[in-house]
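>>> Below is the sequence, then the predicted model.
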Amino acid sequence: MPPVVQAKNVSFAYTRMTVLESVSFAVEAGDYVGIIGPNGGGKTTLLKLILGLEKGTGEMELFGVPVRKFKDWQKIGYLAQKSPVSQTRFPLSVEEVVLMGLCFDAKHKEATAENLQAVRRALQQTHTLDLAGRIFSTLSVGQQQRVLLARALVSKPQLLILDEPSAAMDPGSREMFFNLLADLNRKHGVTILLITHDTGEVGKYISKFMYIDKEMVFFGDRQAFCHSQKVAEKLGPFAQHTIDHLHNHGHCPLGCHCSVEKPAGHKAAHGAEAKHD
Amino acid sequence: MISEFLSYGFVQRGLLAGSLAAVACALLGVFLVLKRLSLIGDGLSHVCLTGVAVGLLTQTSPLYMSVPVVLLASLGILKIMEKIKVYGDAAIGIVSAAGLALGIFITALAGGFNADLFGFLFGSILTVGRAEVFWCAVLLAALLLFLLFFYRDLIAASFDEAFARTRGVHVKRLNAALIVFTSLAVVLAFKVVGIFLISALIILPPVTALLLARTFKQVLWLAAALALVSVWSGVYLSFLFNIPSGATIILVNLVFLLIAFVVSRLGRGYKKEEAARAD
């Protein structure tokens, strides 16, 4: 069985600026990959390359098929960082927006009873069924993101690609959101690629970390990430900050059997030194 | 009075061509406004000046001369957006300025402005010929077929281009088709309201409809109806008071927009009151 996503020496550059250089990796079915790295490090560009929204050099494959030839889009759910119409008066109901998540072939184009049932199921999953009849553009940004997650889920995807999706959500919605992702990953085997800066909150669910900073700094399981000297040495304060977040409950949520002093107050929470076995 | 007004052949042709062109502009405008490309009408109308000037210089039909010029300009806008990576407004601005400058340059070579050019700048709906009526009908029929076949794809591409591409929608092809239709509508509409006011036909009915309608289909129907009513009432008022028809059509559209704005504000206030009472 081919990897769900495979990149071989993928590079991308604007006219005079290299954004990604020679990135290679393979994401297997059932992986929950947290993509982290500094702003401008190329994380969003990498997702766009995976989705075929940008064209780079090298080889990018989805389910063993080169992305430029890939047609099986119902296997993929995508949620961007920002809602596309947060300020615009766009005359579409929540139900119609979620319906867009079904592929645009003849079978799925129309609002048939079967399609509407799939829409309602996806809305139920993201706790937004009560918003079904509302005009999408009148919702708050957080509500819009939850509806767009339903749009990403409506086709029952095998791969979910999420670009910092929880930034505009309140804490309750965020918890629901990450629990839902964990559930989809563990119970239904959905492969997840998630860009996040909030490793503390989702670190316990993530099975693999990918650290991108114009190049692949690290790609491996969470235990290796937690112990990676390369990450700590190359990225200094940022890496320490990330690792500290993973330990901010006084024990390592990554299950790497390390011990850490219980942090006291903000300074400690961001500066507690992890002591690994 | 109205029956006398409608008995003239030139009025019938003007109303028919005006209605067909205005409905086409309004339908296209719904998608252009939502895609934040509504000023494309303004940019392309300025490019029309080049086509008109070439037509007047070479003593050929300004209308037919404008078609290739505006089509080239529209594809130029798409290429600038794609290659230079600028937003649509900047690309439209570049092409618009180039079209206007070239038009003025050619007009100067031809010996300056004359009465013919003024007719194109400010519109002369009552000089519309049979051929223009025919081409307006062909354009609207083709546009309706395009909307019918690609309705959901167009909505998806207008709402969220990136996501639509991940669903297999051919966004680039749809955008190109939309802009080609807009180019043709602009060329066919410039006799109705004039080069300076075409963009208003593309922007005002859709914006008014967006204030009042709740669903996408309602917006399309309402925008088309408003465009139709504005052309008929605008031409009639211009006949009645002997005022320029193009400007009157646009002023009628502005009145509709103001009414829609007041109605939508009142509606929102009423809904808030209802919600407060329910609480």
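Nice, thanks for sending it over.

>>> residues in contact with residue 32?
I went with chain A, as the question did not name one. Counting by C-beta atoms under 8 Å, 6 or more residues apart in numbering or on different chains, residue A:32 makes contact with A:181, A:182, A:185, A:191, A:192, A:194, A:205, A:206, A:207, A:208. Any C-beta I mention is one placed from the backbone N, CA and C, and that applies to glycine too.

>>> that's the wrong chain, I wanted chain B
Residue B:32 sits next to B:38, B:40, B:41, B:178, B:182, B:202, B:206 when contact means C-beta under 8 Å, 6+ apart.

>>> so can I have CSV of these showing secondary structure?
Putting those into CSV (DSSP: H, G, I helix; E, B strand; the rest coil) gives the following:
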residue, secondary structure
B:38, coil
B:40, helix
B:41, helix
B:178, helix
B:182, helix
B:202, helix
B:206, helix
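
>>> Now do the same contact list for the residue in the stretch 151-279 of chain B positioned nearest to chain A.
At 4.0 Å from chain A, residue B:160 is the closest residue in the stretch 151-279 of chain B, using C-beta to the nearest C-beta. Going by C-beta under 8 Å, 6+ apart, residue B:160 touches A:80, A:84, A:85, A:100.

>>> SS state for the third one?
Looking back up the chat, that one is residue A:85. coil.

>>> That one contacts residue A:139, doesn't it?
No: counting by C-beta atoms under 8 Å, residue A:139 is not a contact partner of residue A:85; they are 10.1 Å apart.

>>> Residues of chain A that sit close to chain B?
Contacts of chain A with chain B, taken as C-beta under 8 Å from any C-beta of the partner chain, map to A:14, A:48, A:51-53, A:71, A:73, A:76, A:78, A:80, A:84-85, A:88-93, A:96-97, A:100-105, A:109-110, A:135, A:151.

>>> Where does pLDDT dip in the stretch 151-277 of chain A?
Scanning the stretch 151-277 of chain A for pLDDT under 70 picks out A:199-201, A:233-277.

>>> The same query, at a cut-off of 50, please.
Within the stretch 151-277 of chain A, the stretches with pLDDT under 50 are A:249, A:251, A:253, A:259-277.

>>> ok, residue B:106 - contacts?
B:50, B:53, B:54, B:57.

>>> what's the farthest-apart pair in those?
B:50 and B:57 (10.4 Å; C-beta to C-beta).

>>> So for these two, which residue has more residues nearby?
residue B:50 (25 against 15; other C-beta atoms under 10 Å in any protein chain shown).

>>> helix, strand or coil for the more buried one?
Going by three-state DSSP: residue B:50 is helix.

>>> Surely it and residue B:103 touch.
Yes: between residue B:50 and residue B:103 a contact is recorded at 4.3 Å, counting by C-beta under 8 Å.

>>> Show me which residues of chain B sit near chain A.
By the rule C-beta under 8 Å from any C-beta, the part of chain B lying against chain A is B:34, B:36, B:85, B:152-153, B:155-156, B:159-169, B:210-211, B:213-216, B:218-219.

>>> how about 6 Å then?
With C-beta under 6 Å from any C-beta of the partner chain as the criterion, chain B comes near chain A at residues B:152-153, B:156, B:160, B:162, B:166-169, B:210, B:213, B:215-216, B:219.

>>> Residue A:232: which of those residues is nearest?
Using C-beta to C-beta, these come closest to residue A:232 at residue B:162, 34.8 Å.

>>> correct me, but residue A:47 touches residue A:163?
Yes: under the criterion of C-beta atoms under 6 Å, residue A:47 makes contact with residue A:163 at 5.5 Å.

>>> if we can go back for a sec, just the contacts of residue B:106: which has the poorest pLDDT?
pLDDT across the contacts of residue B:106 is lowest for residue B:57, at 82.

>>> one step back: kindly reformat the contacts of residue B:106 as a markdown table containing secondary structure.
Shown next, in a markdown table, are these (three-state DSSP):
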| residue | secondary structure |
| --- | --- |
| B:50 | helix |
| B:53 | helix |
| B:54 | helix |
| B:57 | helix |
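
>>> quick one: which of those is nearest residue A:57?
Minimum separation from residue A:57 among the contacts of residue B:106 (C-beta to C-beta) is found for residue B:50, which lies at 39.7 Å.

>>> mind listing what that closest one touches?
B:69, B:99, B:102, B:103 (C-beta atoms under 6 Å, 6 or more residues apart in numbering or on different chains).

>>> Spatially nearest residue to the third one, not counting backbone neighbours?
By that I understand residue B:102. residue B:50 (4.5 Å; C-beta to C-beta, 6 or more residues apart in numbering or on different chains).
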